[in-house]
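Q: got a sequence here, can you model it:
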Amino acid sequence: MMPLAGVVDACSVLLMLVLVALSAFPACRANNNITAILAEHRDLAEFSRQLTVTGLVDNINGRNTITVLAVDDAHMAPLKARGLPRDSLRNVLSLHVLVDYYDDAKLHRLPGGSAVVSTLFQASGDAPGSEGMVKIAERRGGRVTFVPQDVDDAGATVFYVKSVHEAPYNISVLQVSAVISSPASEAPSKTEPTPNATDVMSKRGCGRFAALVAATADASATYEKSIAGGLTVFCPTDKAVQAFMPAFKDLSPDGRLALVLYHGVPRHYSLSALKWNNGGMNTLAMDGANGYSLIVRDVGDTVTLLSAAPKPATVTGTLTDGDTVSVYVIDAVLQPRELFNGSHAGPYTAPSPDADANQDGDTGPGDRGQKNGAASGGLTSASALLLAAILVVIV
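A: The predicted structure follows:
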């Protein structure tokens, strides 16, 4: 039998090791990855893309309990063809995200045969009254229907098709027969004037780059003409532009124009869409067969841009993200390889996707956000510490 002093010492060691072990367990938080789930089903590709484009992916992944009503590509086509504004499209898709957990079994045991459930459209505060609610009902023969709460049109009813993914009671994905919509969700938002990209930059911390755009022949006009079709601007901070000015002054007029346009992309990208893209991207500087492309990488949930600069630029903030224009702050000036071959900056060799995965625990775009390796490693360490503590007491 152990002496009393030995027991006390052993208990102290046990307590200390238990506290260390508990600290190794990850905090309880949402760890969904709707993009990865939908990527396993090719017929849901358009639905997945639109969730990304409208920025709903982050809302879905950030919730602990949620049900996504997915629509296949064939039935998404009519919605896509209508060309709804981004805000309206977001509201329509928000009706497909229930803020409660429903799986196949729960759908067929609804209390009283029906239930009224809140959606992200209702939770957003954009739905008038209760028009962001969806009624679920089980009909004769076991068919389950979904219809917006305040819509009487029988044509608005859609049917449950099958379960796609179930992770009780965290997230489920259920396929439905068509798009769920309503007049309230499709109603246009209050019209706001389209922002002028250079005005946004000059007023919110990127004044030096905005001045370069204004002072460089044809740059401002090119930016403004691109807004109608969608525009994303990466705006270097004033500090970054100031440090780069000696190199900028050494460029020819055509080179200066190309560099300024290199910071614009002729397409609108939300922040989540940038993460989803995770690859090459054309810029406004692209002229026919000429290059002037840059590489977007999502590393550890941080968007980085790879160019010929010695280090990648990091997106540090969002100045605006509207229907057609988004402007993001970056911490360095982007340098096209076509202009910088080593005279001002050495070429930056982009790491391979495998290298990124090994360094950051990210297994690729499909698995982004599910870094379970780190979590399982923490659990393993905790288990080992607890086992060691028990052995100390026994011995």
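
Q: going forward, measure contacts and count neighbours with C-alpha atoms only.
A: Fine.

Q: which residues in the stretch 101-250 of the chain form strands?
A: 114-118, 133-138, 144-148, 158-167, 171-176, 231-236 (DSSP state E, counting those that start in this stretch).

Q: what residues are up against the residue most central in space within the chain?
A: Geometric centre of the chain, nearest residue: residue 272, 2.6 Å, by Cα atoms, centre = their mean. Each residue near residue 272 by Cα atoms under 8 Å, 6 or more residues apart in numbering is listed here: 52-53, 55, 57-58.

Q: if we use 7 Å, what do you get?
A: Counting by Cα atoms under 7 Å, 6 or more residues apart in numbering, residue 272 touches 52, 55, 58.

Q: can I get the residues you listed in a markdown table including neighbour count, distance to residue 282 and pLDDT?
A: Shown next, in a markdown table, are the contacts of residue 272 (neighbours: other Cα atoms under 10 Å; distance: Cα to Cα, whole Å; pLDDT from 0 to 100):
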| residue | neighbour count | distance to residue 282 | pLDDT |
| --- | --- | --- | --- |
| 52 | 24 | 19 | 88 |
| 55 | 18 | 21 | 84 |
| 58 | 16 | 25 | 82 |
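
Q: sitting in helices, which of these do you find?
A: 52, 58 (DSSP state H).

Q: out of the contacts of residue 272, which comes closest to residue 325?
A: Residue 325 has its nearest neighbour among the contacts of residue 272 in residue 55, at 13.9 Å by Cα to Cα.

Q: so what's the backbone phi/psi at the closest residue to that closest one other than its chain neighbours?
A: Once flanking residues are discounted, residue 55 sits nearest to residue 272: 5.9 Å by Cα to Cα, 6 or more residues apart in numbering. Per-residue torsions, residue 272: phi -70, psi -30 (degrees, to the nearest 10).

Q: can you give me the pLDDT of residue 272?
A: Per-residue confidence (pLDDT) for residue 272: 74.

Q: the stretch 251-395 of the chain: strands as residue ranges?
A: 264-265, 280-282, 293-299, 302-306, 313-321, 325-330.

Q: who wins for proximity to residue 161 among those strands?
A: strand 293-299 (34.1 Å).

Q: just checking, what packs against that closest one?
A: Strand 293-299 is packed against strand 280-282, strand 302-306, with contacts defined by 3 or more Cα pairs under 7 Å, 6 or more residues apart in numbering; DSSP states H and E.

Q: reformat these as a markdown table; add mean neighbour count, distance to residue 313 and mean pLDDT.
A: Formatted as a markdown table, the helices and strands packed on strand 293-299 follow (neighbours: other Cα atoms under 10 Å; distance: least, Cα to Cα, whole Å; pLDDT from 0 to 100):
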| stretch | mean neighbour count | distance to residue 313 | mean pLDDT |
| --- | --- | --- | --- |
| strand 280-282 | 15 | 15 | 89 |
| strand 302-306 | 21 | 5 | 92 |
